[in-house]
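Asker: Quick one: sequence and predicted model below, then my questions.
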Amino acid sequence: MTATTTSTTAPLLEIRDLSKSFGSVQALTAVDFEVRAGEVMALVGDNGAGKSTLIKCVAGIHGWDEGEVLIDGQPVTISSPKDAARLGIEVVYQDLALCDNLDVVQNMYLGREAANALQVLKEPVMEAKTAETMKSLRVTTIRSIRQPVATLSGGQRQSVADARAVMWNSRLVILDEPTAALGVAQTAQVLELVARLAEQGLAVVLISHNLHDIFAVAHRITVLRLGYSIGVYEREKTTQQEVIGAITAGVATKVSGIAEEAEVIA
Amino acid sequence: MSTQVESGLPDLDPTGVAAIPYRIREAIRSGNLGSWPVVVVLAIIVIYFGFTADNFFTAVNFNNTILQMTGTTMLAYGVVFVLLIGEIDLSIGFVSGVAGIIVAQLLVPESGHQIPDIGPIPAGVLAIGVALLACAAIGLFQGSIVALIGVPAFVVTLAGLSIWQGVIQKALPEQVMGIQDNTINNVAGYFFSDSWGWAIAIAGVGVYAAIVIANFVTSRRHGVSVRDPALVIAKLIGVAVLAFGAVAICNHDRGVPFALLLVIIMLVLLTFLAKRTTFGRHVYAVGGNAEAARRAGINVARVRMLVFMISSMMAGLGGVVLASRLQGVNVAQGSGTLLIDAISAAVIGGTSLFGGRGEVRNALFGSMVIATIANGLNTQNRTAGVILIATGVILLLAVIIDTVLKRRQTRAGR
């Protein structure tokens, strides 16, 4: 698949000069970031690069000190996860935040249950909508949407969390390390789902340490290092070596037995 | 594991009678046995005493067992909610005593706090209302400390255990107080006439059938398949057999006790609350993964406080039943094995101590096991010591099963 973005459309999410410090620790310094609708934007960086901090700013977990966040070109304030949800931003955290004891339908509607005025649950409505969402995302490996999430495999659990994120008319889905805990087959399954989200017109931010995964689905790659945005690379026009170089500040770790690359662009 | 089937629809469960062996295998694999172990244990206990104890299989003893277990069952219903959020409430025994004493104080002339009937509402009903409100306040107090300050519930309710026992002793300097109020004494002392008994059974089964049909219709309307229609019909027949069978036995003796109706009504109400309302769903969510619940926008502190209020109110209702059985209160109200029996009932019934797994009916089944053991051993003229040991052993077995299931469940499918 190729990036379907055009230069005329404004990015769905744009971050300009964002800075954030925790006490004396400068977590983000004038970071720029953007993602367009229908695009998978990878966000990479070493531990402590500021990926999580950046995402938490957008998700409304904590505020930022300086800079602007724009949705559809309009500056917005995001002071709580509810604000983020209202703007169509959903985050799937690495731990997935699923309740193992509840079934797929119950997890999909967690905290947003369909109910009447007397708070009585509308179970058939929720079940039908869940089945529809799963079908539209072609998540077909889950045998019953009425089975507890505890009985699902890691890839299926990730699919449930992702499906939950897109079910709520969200426009931007942020996936934090969706494949970190998965085997090969399940990773492929989840990456396929990630690609499908973008095909459906959502903006997808993919945080990952695994460049293989990123080069499989991302259209563009933003690199952070020590709280600075280092650059944006188009998947088609870059190499894993170049991105690794950017992540590690051009200092390639020498591993015995492997021939050294001629040069690494910082 | 069965093979994965590629199909457009996610729901690939086998249905109908054919699904039953599959369901059983799946349940064992995933550690979701539900109420089946306790029902089997109960059946074994009943059969054992039926053969070994004289006067066990009599209508009088059936009614006596129901009256003996009603108070504990009310407490155990509340315990299920507390266990569902992964907490514990050790104060319920004496909270139930506090409710009994409030009722006594409000109805006994010598107390100096006697209240009159207000219009058509008898004083007894008012007294029960006041007692339940007071218990709700106790639950709110203890629950707030747990939910807002973050003190472990174990310690908060252990303090409560001491405090409310002290309150009971201070409130009853005369040691005992007899209650002559009809409303109170009828709670555990009233028996419906034979025809009323049949009428209640017909109404109950009718309402249950209506709900089953209504569920079926709404599911159809939303294009959601009804799982295991054969099982639904089997359940309906089972409920009818149980209802009419119980009434037949009760009518052999003094009739259907009001206490039995209370047990069933509270079972239905609380099951509805737990399974069919957003609040109930949030209770399970908090018990399953409190952090996930919080991030999903559920007010976890509010859920916790409400659960402790339910626990205390059910203890209060149980306290009224116990006061009614004694036709009075004494300083030992709420002491003895009440607390242990109530928690044991919920756990023996299959409610997990780890939170998030269990149902209200577990408390009833567990309560039936405990009451049947006590009653059976009593009819065999065994001592209280034997009863305590037997109850303890069964509790231990239940907790071992719970722990093994928990391990299985976290392993299943990963």
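Answerer: Yes, it's here.
Asker: C-alpha from now on. contacts and neighbour counts both.
Answerer: Fine.
Asker: Tell me how far A:V205 lies from A:I55.
Answerer: According to Cα to Cα, to the nearest Å, A:V205 stands 9 Å off from A:I55.
Asker: Which one of these two is surrounded by more residues?
Answerer: A:V205 (27 against 19; other Cα atoms under 10 Å in any protein chain shown).
Asker: Which helix or strand lies directly C-terminal to the helix or strand hosting that one?
Answerer: If you go by DSSP states H and E, A:V205 is part of strand A:203-207. Next along the chain after strand A:203-207, taking DSSP H and E as the criterion, comes helix A:211-217.
Asker: what comes up buried for that following helix?
Answerer: Within helix A:211-217, the residues scored as buried using 16 or more other Cα atoms under 10 Å in any protein chain shown are A:L211, A:D213, A:I214, A:F215, A:V217.
Asker: ok, these vs B:V360, which is closest?
Answerer: A:D213 (46.1 Å; Cα to Cα).
Asker: Wait, the closest one touches A:L191, no?
Answerer: Yes. Contact criterion Cα atoms under 8 Å: A:D213 and A:L191 qualify, at 7.2 Å.
Asker: returning to what we had before: if you count contacts, what does the strand holding A:V205 end up packed against?
Answerer: For strand A:203-207, the packing partners by 3 or more Cα pairs under 8 Å, 6 or more residues apart in numbering or on different chains; DSSP states H and E come out as strand A:25-35, strand A:40-44, strand A:172-176, helix A:184-199.
Asker: what's the most buried one of these?
Answerer: Sort the helices and strands packed on strand A:203-207 by mean neighbour count, taking mean count of other Cα atoms under 10 Å in any protein chain shown, and strand A:40-44 sits at the top with a mean of 27.
Asker: Mind checking the pLDDT average for it?
Answerer: Averaging pLDDT along strand A:40-44 gives 94.
Asker: Mind giving me the packing neighbours of that strand?
Answerer: Partner elements for strand A:40-44 (3+ Cα pairs under 8 Å, 6+ apart): helix A:184-199, strand A:203-207, strand A:220-225.
Asker: got the residues of chain A near chain B?
Answerer: A:82, A:97-102, A:106, A:110-113, A:115, A:119-121, A:124-125, A:127-128, A:131, A:134-135, A:138-146, A:150-154 (Cα under 8 Å from any Cα of the partner chain).
Asker: Might you report the residue contacts of the residue nearest to A:L54 when sequence neighbours are not counted?
Answerer: Spatially, and ignoring its direct neighbours in sequence, A:L54 is nearest to A:L28 (7.4 Å; Cα to Cα, 6 or more residues apart in numbering or on different chains). Contact analysis of A:L28 by Cα atoms under 8 Å, 6 or more residues apart in numbering or on different chains lists A:L18, A:S19, A:K20, A:S21, A:G50, A:T53, A:L54, A:L226, A:G227, A:Y228.
Asker: can we see that at 6 Å?
Answerer: A:S19, A:K20, A:G227 (Cα atoms under 6 Å, 6 or more residues apart in numbering or on different chains).
Asker: Tell me how far the second one lies from A:A85.
Answerer: Just to be clear, that refers to A:K20. 22 Å.
Asker: ok, the two, which is more surrounded?
Answerer: Comparing A:K20 with A:A85 by neighbour count (other Cα under 10 Å), the higher total belongs to A:K20, at 23 against 20.
Asker: quick one: pLDDT of A:T4?
Answerer: You'll see A:T4 listed with a pLDDT of 45.
Asker: likewise the one 4 residues further on?
Answerer: In the prediction, the pLDDT value recorded for A:T8 is 48.
Asker: Then A:Q200?
Answerer: So A:Q200 comes in at 89 (pLDDT).
Asker: Got the phi and psi for it?
Answerer: phi -80, psi 0 (degrees, to the nearest 10).
Asker: And B:G297, by the same measure?
Answerer: phi 90, psi 10.
Asker: list the contacts for it?
Answerer: A:G111.
Asker: at 10 Å instead, please
Answerer: Contact analysis of B:G297 by Cα atoms under 10 Å, 6 or more residues apart in numbering or on different chains lists A:P81, A:K82, A:L110, A:G111, A:R112.
Asker: of these, buried ones?
Answerer: Looks like those have A:P81, A:K82, A:L110, A:G111 buried, using 16+ other Cα under 10 Å.
Asker: what about the residue lying closest to the first one once chain neighbours are set aside, how many neighbours?
Answerer: So that's A:P81. Leaving out its chain neighbours, the residue that sits closest to A:P81 by Cα to Cα, 6+ apart is A:G60, at 4.7 Å. Other residues lying near A:G60 total 19 when counted by other Cα under 10 Å.
Asker: Single out whichever of the contacts of A:L28 has the smallest pLDDT.
Answerer: A:G227 (90).
Asker: what separates the residue nearest to that residue when sequence neighbours are not counted from A:K56, distance-wise?
Answerer: Closest residue to A:G227 apart from its sequence neighbours, by Cα to Cα, 6+ apart: A:L28 at 4.1 Å. As for A:L28, its distance to A:K56 is 12 Å (criterion: Cα to Cα).
Asker: before we move on, back to that, put together JSON lines for the contacts of A:L28, with secondary structure on each row.
Answerer: Converted to JSON lines, those look like this (DSSP: H, G, I helix; E, B strand; the rest coil):
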{"residue": "A:S19", "secondary structure": "strand"}
{"residue": "A:K20", "secondary structure": "strand"}
{"residue": "A:G227", "secondary structure": "coil"}
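Asker: where does the stretch 201-350 of chain B dip in pLDDT?
Answerer: Low-confidence segments of the stretch 201-350 of chain B, defined by pLDDT under 70: B:227.
Asker: Show me which residues of it sit near chain A.
Answerer: B:215-216, B:218-227, B:272-273, B:275-282, B:284-299 (Cα under 10 Å from any Cα of the partner chain).
Asker: returning to that earlier point: of all the helices and strands packed on strand A:40-44, which lies closest to B:Q68?
Answerer: Of those, nearest to B:Q68 by Cα to Cα is helix A:184-199, at 54.9 Å.
Asker: all helices in chain A, in order from the N-terminus.
Answerer: For chain A, the helices defined by DSSP state H cover A:51-59, A:81-86, A:104-108, A:123-136, A:154-167, A:184-199, A:211-217, A:240-247.
Asker: From the chain's centroid, how far away is the second one?
Answerer: In this view, helix A:81-86 has its centroid 16 Å away from the chain centroid, taken as Cα atoms, centre = their mean, to the nearest Å.
Asker: residues contacting the residue in the stretch 51-200 of chain B that chain A sits nearest to?
Answerer: Closest to chain A within the stretch 51-200 of chain B is B:L84: 10.6 Å, counting by Cα to the nearest Cα. Applying Cα under 10 Å, 6+ apart, we find B:L84 in contact with B:274, B:280, B:283-288, B:307, B:351-360.
Asker: This completes my enquiry, with thanks.
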